[in-house]
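J.: could you work out the structure for the sequence below:
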Amino acid sequence: MESIGFVNLTLLLGALLVLVGIFSSLAARRFGAPLLFVFLMIGMLAGEEGPGGFVFDDYQTAYLIGSLALAVILFDGGLRTRFGSFRRALGPSVTLATLGVVLTAGVLAIPAMLIFSLSPLEALLIASIVASTDAAAVFFLLRSGGLQLRAKMGTTLEMESATNDPVAVFLTLLFVHLLSMPDAAAADMVTIFAQQALLGVAFGVAGGYGAVFLLNRVDLPGGLHPLFVLALAVFIFALTAKLGGSGFLAAFLAGLIIGNTPVRALPSIGKFHDAMTWLAQIVMFIVLGLLVTPSALVANAPAAILFALALIFVARPLAVWLCLLPFRFTPVEKGFIAWVGLRGAVSIFLASIPMLVRLPQAELFFNVAFFAVLVSLVVQGWSVNPVARALGVAKQRRLPEVRRVELDLPGQTAHELAGYAVTPDSDILARRHPPRHASLALVVRDGTVRRAHEIERLQPGDYAYFLVRPDRAGRLDRLFISNEALATGARHIFLKQRFPADMPLRRIEGRHGLRFERRYRDGTLAQLYAAKVGKAARGTASVAPGDMLLLPDCMIAPVRARGEADDDRPPEAFDILIDLASLQKERSLLAMLKALLPRAFSRKPGRAQE
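T.: Now for the predicted structure:
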């Protein structure tokens, strides 16, 4: 009976820790604290030297939980990565995720040898353990903080953090192998690298397409598709790792293929894996926090802080600048990318590997890696938003999320049914027909379901359901954004002005006190819009109506003619929503009144009109 009671108590405590982690995420969002830091603190408080007093030192179980959780997290990262975004940032992100990790480890090994008196291989091992950025920490801070980064820079950061873990895992396993087998030849390094990379790519691609084939051919009962995909992800990871390949790379590639190929039940698969990824992060972070002995951290604190500062201010920036030399990033963008190099659970997970094989300096590696993660989260995690605003690489305002209902349509995989609530000021009301990439299927009006041919025009209060390709649903979202949500959600006061597309930017600056980038000031409003959000090649003015351009002090939206259905025609006018609250700090009261009443203040009394 005692053993049964122990099992029940363990389940109770585990569920309680997960619940505490979930509720603590609300506080983390409010205070801007890195979520990973909160989960680690919960684990440490529940550990042997915290109020919880729970003794946990089973590194093998921690490795098992960490491997499973990382497989799920990386698979979900691939599942949510679009090929379009992948191609746009493929060069810089892959360079940072591969060469950048290697350079970071190589540079950081030098101070590691000096600080801890380690051998070159030992220094390379501890540097490799903390060489990769953490996807969970980067994604949470960038998205929950409301940052709207420049497109290429934001995609590069997210892609790098999602794809650099396999390289760090490979380097860690490589140096652990060389330290545990001193007689290993240098050729073994090349062999292990080739085996890990080739098998990881081969099994990831084959597993991804195999999963797509099974999902579209096997008639599973409703609700089993997400669980089937999860089991396949773990199977691909475990099989690849068992055969000597990189299971983490295979899991990411399998998710990338499944997420970008038409498959059954994709909406339900995405929602299920979103929940599973959260659970995996919470469990893994808390378990890793339980492993830590705070007194041991304090003993290594001075040297570990010096090591962490060398990582943040020397190794990471140098690796980023060298990797991004061939790409068109400004010095400010490179500096911000270097700063958003948060370390997280992957580093702590990798630090448990030397403990498993009982390397001589294993405990030092684990404590230093954990301390480096804490320093990174505190120093970089809490300062991402202020640094972004100070450098001018992001706006604190982003488009509000649209509540979209997604329904899978059995028997086909090319389309899904997307449903939206029609608000009184949404852009869809200005159109007589839906965009060409969507087809209106039905409308719920006043509690009655009506077919598409029975509806002449949509009305406020309707619930409209469209047949749309999954990769085009995001474009349809823009037509249902409420302009009221744009204003009230940001808690700003906006002045709305309409200008013709050929309006010179300098005239807008003089009239309303806005400041555009110097390279665009001599152009027109249409040229600025085309350069910022145009979909065609460089130099063309073809833009996609419905896209909203976000600038520090205003938002620019194209104006479409009523009933216009051509998404490729350049707009003839633009609405500019000027953020008066943002300008207030730099403008006098008279200038504010001038913005509100431009005609009354545009000329001095008695002066002839031009």
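J.: buried set for the helix or strand containing Ala105?
T.: For Ala105, the host element (DSSP states H and E) is helix 101-116. For helix 101-116, a neighbour-count test (16 or more other Cβ atoms under 10 Å) marks 101-109, 111-113, 115-116 as buried. Using the backbone N, CA and C atoms, a C-beta is placed for each residue, glycine as well.
J.: got the contact list for that helix?
T.: 118-120, 122-124, 126-128, 130-132, 164, 167-168, 171, 303, 306-307, 310-311, 314-316, 318-319, 322-323, 361, 364, 368 (Cβ atoms under 8 Å, 6 or more residues apart in numbering).
J.: filter those residues to the buried ones?
T.: 118, 122-124, 126-128, 130-132, 164, 167-168, 171, 303, 307, 310-311, 315-316, 318-319, 323, 361, 364, 368.
J.: so of those, which ones are in helices?
T.: The helices, defined by DSSP state H, take in 122-124, 126-128, 167-168, 171, 303, 307, 310, 316, 318-319, 323, 364, 368 from those.
J.: pLDDT at Ser602, what is it?
T.: Confidence at Ser602, expressed as pLDDT, is 44.
J.: just Ile428 next, same as before
T.: 78.
J.: same check on Ala296?
T.: On the pLDDT scale, Ala296 is placed at 77.
J.: mind checking how far it is from Val368?
T.: 10 Å (Cβ to Cβ, to the nearest Å).
J.: name the residues contacting each of the two.
T.: By Cβ under 8 Å, 6+ apart, no residue touches both Ala296 and Val368.
J.: in three-state terms, label Lys496 for me.
T.: strand (DSSP: H, G, I helix; E, B strand; the rest coil).
J.: against Leu429, how distant is Phe285?
T.: In terms of Cβ to Cβ, Phe285 sits 45 Å off from Leu429.
J.: typo on my end, Ile305
T.: 58 Å.
J.: may I have the phi/psi pair for Asp219?
T.: phi -90, psi 90 (degrees, to the nearest 10).
J.: what about it, neighbour count?
T.: The number of residues packed near Asp219 is 6, by other Cβ atoms under 10 Å.
J.: can you check the pLDDT for it?
T.: 81.
J.: run through the strands of this protein in chain order.
T.: All strands of the chain, identified by DSSP state E, fall at 148-149, 394-395, 405-408, 416-421, 438-445, 448-451, 463-468, 494-500, 549-551, 554-559, 573-579.
J.: may I have the strands that pair with the fifth one, each with its orientation?
T.: What it means is strand 438-445. strand 448-451 (antiparallel), strand 463-468 (antiparallel) (DSSP bridges).
J.: out of those, which is closest to Leu476?
T.: Among the strands paired with strand 438-445, strand 463-468 comes nearest to Leu476, with 5.7 Å by Cβ to Cβ.
J.: would you quantify the distance from the residue lying closest to Ser376 once chain neighbours are set aside to Ala265?
T.: Distance criterion Cβ to Cβ, 6 or more residues apart in numbering; nearest residue to Ser376, sequence neighbours excluded, is Arg343 at 4.2 Å. Distance, Arg343 to Ala265, by Cβ to Cβ: 36 Å.
J.: which residues touch the closest residue to Thr95 other than its chain neighbours?
T.: Take Thr95 and drop its neighbours on the chain: the residue closest to it by Cβ to Cβ, 6+ apart is Cys323, 4.6 Å away. Going by Cβ under 8 Å, 6+ apart, Cys323 touches Pro92, Thr95, Leu96, Leu99, Gly100, Leu103.
J.: repeat for Val443
T.: Val443 makes contact with Val449, Arg450, Ala452, Glu454, Ile455, Leu458, Asp462, Tyr463, Ala464, Tyr465, according to Cβ under 8 Å, 6+ apart.
J.: pLDDT below threshold where in the stretch 201-350 of the chain?
T.: 222 (pLDDT under 70).
J.: cutoff 90 now
T.: 215-226, 241, 244-249, 252-253, 256, 259-302, 327-330, 332-333, 340-350 (pLDDT under 90).
J.: and the helices in it, which stretches?
T.: Listed in chain order, the helices of the stretch 201-350 of the chain (DSSP state H, counting those that start in this stretch) span 225-242, 247-259, 266-291, 294-299, 301-310, 316-323, 331-339, 345-357.
J.: with distance to Val201 as extra columns, can I get those in CSV?
T.: What follows is the helices of the stretch 201-350 of the chain, written out as CSV (distance: least, Cβ to Cβ, whole Å):
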stretch, distance to Val201
helix 225-242, 10
helix 247-259, 7
helix 266-291, 22
helix 294-299, 38
helix 301-310, 33
helix 316-323, 21
helix 331-339, 26
helix 345-357, 20
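J.: count the neighbours of Gly447 for me.
T.: By other Cβ under 10 Å, neighbour count at Gly447 equals 6.
J.: got the contact list for it?
T.: Taking Cβ under 8 Å, 6+ apart, one finds nothing in contact with Gly447.
J.: tell me the spacing between it and Tyr463.
T.: 10 Å.
J.: now do Val287
T.: 43 Å.
J.: what does Ile4 give?
T.: 51 Å.
J.: touching, Val559 and Ala573? I think so.
T.: Yes: judged on Cβ atoms under 8 Å, Val559 makes contact with Ala573 at a distance of 4.2 Å.
J.: overlap in contacts, those two.
T.: Looking at what touches both Val559 and Ala573 (by Cβ under 8 Å, 6+ apart), the common residues are Arg498.
J.: rewinding a little: centre of the chain to the helix holding Ala105, how far?
T.: 28 Å (Cα atoms, centre = their mean, to the nearest Å).
J.: just the CA atoms of that helix, as CSV, please.
T.: Below are the C-alpha coordinates for helix 101-116, written out as CSV (Å, rounded to 0.1, in the frame of the first residue of the first chain):
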residue,chain,number,x,y,z
VAL,A,101,26.9,27.4,-33.5
VAL,A,102,30.4,26.1,-34.5
LEU,A,103,31.9,29.6,-34.3
THR,A,104,30.2,30.4,-31.0
ALA,A,105,31.6,27.2,-29.5
GLY,A,106,35.1,27.8,-30.9
VAL,A,107,35.3,31.3,-29.7
LEU,A,108,33.8,30.6,-26.3
ALA,A,109,36.2,27.7,-25.7
ILE,A,110,39.1,30.1,-25.3
PRO,A,111,37.7,31.9,-22.2
ALA,A,112,36.5,28.5,-20.9
MET,A,113,40.0,27.2,-20.8
LEU,A,114,41.3,30.3,-19.1
ILE,A,115,38.5,30.6,-16.5
PHE,A,116,38.1,26.9,-15.5
